[in-house]
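S.K.: return a 3D structure for these sequence lines:
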Amino acid sequence: MIEIIGKIFLGLGLMFTGIQMLSSGLKQIGSRQFRMLATQFVYSRGRAVVFGLGSGMIMQSTSAALMILASLISAGALNVTQAIAILNGFSVGNCVLLFIVSLNISVGIMFLVGLCGIAMYLTKDERYRTYFLVGLGLGLIFFGIEMMAAGVKPLRQEVWFTGAMAFSRDYSLLSIMAGMALGFIAQSSTAVALVAIGLVRENILTGPQAFLFIYGAAIGSTMFKVMLGQAFRGTSRQLLRFVNVFNIFGAAVFILLYYIEVYLHIPLVMALLNSLKLDLGPQVALVFLLFNLTSAIFFIAINGPLTRWLASSFPPSEEEGLSHPKYLSEFQPQDPDTGLELIRLEQTRELEQIAAFVSTAREKYDGTDLASRHEAFKSLAREVAASTAAVAAMPMDPQTAKEHAYFQIRQALLDQLADSTASGVKIIMRTRAFPLIEKLSDACMESIDFLLNFATEIEKTNAPEQVRMFLDLSSSNGPAMEQLRKAYMDSDKLGSANEKGCLLDLTIMMEKIIWFLNRFYSLKSASVATR
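M.R.: Here you go, the predicted structure:
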């Protein structure tokens with residue numbers, strides 16, 4: 001009995017290892033292309049579905065697709081409607097692995113595993129090793145299923161086992177519950193369907209039991225994704241909710257069809273499969289395909305109401321609004337001058353976001369926290385930097401080229417200003433533990449707040465006299481820095497080394513923030529003078 005249990009666990013281990021290797025290899029091959037192409041095949045719902053179908057056949061990992069699409073939504077590169085269309089196609093394409101495994105190609109798999117294993121040992125090129133990893137993973141799935149089936153096969157001679165299987169055939173709910181448990185553990189209904197194929201080959205499960213096993217697995221894997229959803233925010237959660245509803249809908253429909261067919265004797269899914277005269281392995285693969293295809297067709301048909309319901313259930317978070325481009329996402333620049341103007345508008349938004357960092361240090365503030373605001377700024381900054389790089393590829397005259405270089409330097413200064421301001425706000429909040437320098441830190445906060453808001457006002461009015469006034473205020477000899485330096489020179493009056501250290505940190509960070517602001521507008525003044 002111990003040997004039997006060992007074979008079963010060994011088979012499951014090999015199969016899950018194979019799935020992991022296959023998924024990892026395919027993600028390495030396809031994830032970058034998937035991310036790049038996803039934004040190009042979404043201009044119509046039909047193209048998005050076809051793209052999802054093809055990528056599902058290649059990647060074979062709904063979890064990977066879900067994470068990539070969620071990141072694209074967070075970056076503003078896709079909307080939820082487009083991502084759902086891709087996932088509908090992806091879920092159908094993802095079924096191809098089961099049809100491959102249901103084939104009787106054991107001898108070919110031996111050669112596949114042997115050749116891929118030898119090639120991985122001999123090959124140093126990581127690109128080719130990834131392809132061999134995919135082949136090895138596929139082979140291990142086959143071997144795992146066969147080993148598991150070989151372990152279970154002797155149990156058919158045991159009276160207790162045959163009695164338990166007969167009992168489970170009489171109580172279909174047990175098959176559903178077993179599928180739910182394994183689906184939750186494996187985190188994948190595809191993995192459970194592969195187990196079902198191995199068990200029906202050895203007549204351990206009947207066809208109807210295997211079908212219910214798959215339906216239960218869809219519910220079980222959904223339960224895991226509900227916990228995964230805690231890591232998603234805003235519109236990204238809409239995508240995860242869709243995947244959960246997709247699985248629950250399919251499971252509910254096909255379980256209902258099963259009971260209608262069994263108890264009302266109306267020919268439905270099982271009658272269709274019997275009419276095709278297929279072996280049980282291909283039947284399981286076909287049921288998995290019908291399950292996903294039915295759900296995909298239904299949700300494509302109700303796309304409009306579905307996306308409206310998701311939007312009302314999980315509205316966009318404030319961070320998402322801050323991290324998405326407002327101008328660049330709505331209008332694709334056709335010439336460099338237009339592109340630079342849109343970049344200027346986005347950089348003004350970036351400066352406004354940096355100014356909002358200071359408000360998070362106020363005692364009665366209850367909005368988006370500093371860390372979330374900083375991350376949102378970084379997301380927006382990446383999009384602006386990417387657009388600036390795209391404009392660089394366009395033909396431009398010498399004056400426009402100078403403008404482009406100017407905006408590149410501005411973006412670098414904004415990035416450093418954001419990091420310094422975030423660090424400065426953290427130091428200001430830390431100083432509240434030291435009453436002797438608390439008033440000084442509050443004064444620093446008000447100075448930074450004034451300078452940043454004044455800077456955003458200049459970006460909107462673009463008045464030269466305001467630029468000159470700002471340069472005077474933000475000079476190294478300006479009132480803000482003079483006050484801070486005087487306080488640091490009097491630091492001997494402070495009671496502890498911690499207070500002195502905190503004051504030193506505040507002084508250094510204030511100098512950095514003011515220097516970056518001064519440099520930002522010195523650059524602007526020089527740019528205006530050369531036009």
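
S.K.: where do the helices of the stretch 401-531 of the chain begin and end?
M.R.: Per DSSP state H, counting those that start in this stretch, the stretch 401-531 of the chain carries helices over the ranges 435-461, 464-473, 479-489, 497-529.

S.K.: packing partners of the helix or strand hosting residue 311?
M.R.: Assigned by DSSP states H and E, residue 311 falls within helix 303-313. On a contact count with 3 or more C-beta pairs under 8 Å, 6 or more residues apart in numbering; DSSP states H and E, helix 303-313 meets helix 80-93, helix 235-263. C-beta coordinates here come from the backbone N, C-alpha and C atoms, glycine included.

S.K.: just those: most buried one?
M.R.: Ranked by mean neighbour count under mean count of other C-beta atoms under 10 Å, these are led by helix 80-93, which reaches a mean of 25.

S.K.: next structured bit after that one?
M.R.: By DSSP H and E, the next helix or strand past helix 80-93 is helix 96-101.

S.K.: so which bits of that next one are buried?
M.R.: 96-98, 101 (16 or more other C-beta atoms under 10 Å).

S.K.: could you do stretch 293-312 as well?
M.R.: 294-296, 299-300, 306-307, 310.

S.K.: what's the span of it, first residue to last?
M.R.: Using C-alpha to C-alpha, to the nearest Å, the end-to-end distance of stretch 293-312 comes to 27 Å.

S.K.: averaged pLDDT, that stretch. What do you get?
M.R.: Averaged over stretch 293-312, pLDDT sits at 90.

S.K.: and what of stretch 56-72?
M.R.: pLDDT averaged over stretch 56-72 gives 70.

S.K.: what of stretch 408-418?
M.R.: Across stretch 408-418, the per-residue pLDDT values average to 92.

S.K.: now that stretch - C-alpha only, PDB.
M.R.: What follows is stretch 408-418, C-alpha atoms only, in PDB (Å, rounded to 0.1, in the frame of the first residue of the first chain):
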ATOM      1  CA  GLN A 408      14.000  65.100 -21.400                       C
ATOM      2  CA  ILE A 409      16.100  67.000 -18.900                       C
ATOM      3  CA  ARG A 410      12.800  68.300 -17.300                       C
ATOM      4  CA  GLN A 411      11.600  64.800 -16.900                       C
ATOM      5  CA  ALA A 412      14.800  63.700 -15.200                       C
ATOM      6  CA  LEU A 413      14.600  66.700 -12.800                       C
ATOM      7  CA  LEU A 414      10.900  65.900 -12.000                       C
ATOM      8  CA  ASP A 415      11.800  62.300 -11.200                       C
ATOM      9  CA  GLN A 416      14.600  63.500  -8.800                       C
ATOM     10  CA  LEU A 417      12.300  66.200  -7.300                       C
ATOM     11  CA  ALA A 418       9.600  63.600  -6.600                       C
END
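
S.K.: could the buried residues of helix 96-101 go into CSV alongside distance to residue 336 and pLDDT?
M.R.: Formatted as CSV, the buried residues of helix 96-101 follow (distance: C-beta to C-beta, whole Å; pLDDT from 0 to 100):
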residue, distance to residue 336, pLDDT
96, 45, 82
97, 47, 77
98, 51, 81
101, 53, 75
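
S.K.: surely residue 132 meets residue 114?
M.R.: No - using C-beta atoms under 8 Å, residue 132 is not in contact with residue 114, being 11.3 Å away.

S.K.: quick one: which of the two has more around it?
M.R.: residue 132 (20 against 12; other C-beta atoms under 10 Å).

S.K.: and the helix or strand harbouring the more buried one, what does it pack onto?
M.R.: Here residue 132, judged by DSSP H and E, is contained in helix 126-152. If you count contacts as 3+ C-beta pairs under 8 Å, 6+ apart, helix 126-152 packs onto helix 2-38, helix 96-101, helix 106-122, helix 189-201.

S.K.: next SSE after the last one?
M.R.: Spelled out, that is helix 189-201. Next along from helix 189-201, by DSSP H and E: helix 207-228.

S.K.: tilt between that following helix and helix 189-201?
M.R.: 160 degrees (axes from the mean of the first three to the mean of the last three C-alpha atoms, to 10 degrees).

S.K.: show me what helix 207-228 is packed up against.
M.R.: Partner elements for helix 207-228 (3+ C-beta pairs under 8 Å, 6+ apart): helix 159-170, helix 172-186, helix 189-201, helix 235-263, helix 269-276, helix 280-301.

S.K.: which of those helices sits closest to residue 326?
M.R.: helix 235-263 (15.7 Å; C-beta to C-beta).

S.K.: residues touching residue 302, list them.
M.R.: Neighbour list for residue 302: empty [criterion: C-beta atoms under 8 Å, 6 or more residues apart in numbering].

S.K.: oh, that last question was meant for residue 243, not what I typed.
M.R.: Neighbours of residue 243 in contact, by C-beta under 8 Å, 6+ apart: 62, 66, 87, 222, 225.

S.K.: now residue 458. Nearest residue, chain neighbours left out?
M.R.: Sequence neighbours aside, residue 466 is the residue nearest to residue 458 in space, at 4.9 Å (criterion: C-beta to C-beta, 6 or more residues apart in numbering).

S.K.: which elements pack onto the helix or strand residue 347 falls within?
M.R.: If you go by DSSP H and E, residue 347 is part of helix 336-357. Applying 3+ C-beta pairs under 8 Å, 6+ apart, one finds that helix 336-357 contacts helix 370-392, helix 398-430, helix 435-461.

S.K.: quick one: closest of the ones you listed to residue 513.
M.R.: helix 398-430 (5.0 Å).

S.K.: lowest average pLDDT across the helices and strands packed on helix 126-152?
M.R.: helix 2-38 (a mean of 64).

S.K.: following that helix, which helix or strand comes up?
M.R.: The helix or strand immediately downstream of helix 2-38 is helix 45-59, counting by DSSP H and E.

S.K.: buried residues, that following helix. List them.
M.R.: Quick answer for helix 45-59 (16+ other C-beta under 10 Å): 45, 47-57, 59.

S.K.: repeat for stretch 349-367
M.R.: Neighbour count says stretch 349-367 has 349-358, 360-361 buried, by 16+ other C-beta under 10 Å.

S.K.: domains in the chain, by residue range?
M.R.: Using automatic domain parsing, the domain parsing of the chain gives 2-313, 320-529.

S.K.: and the ones you listed, which is most packed in?
M.R.: The most buried stretch of the domains of the chain, if neighbours are counted by mean count of other C-beta under 10 Å, is domain 2-313, with a mean of 18.
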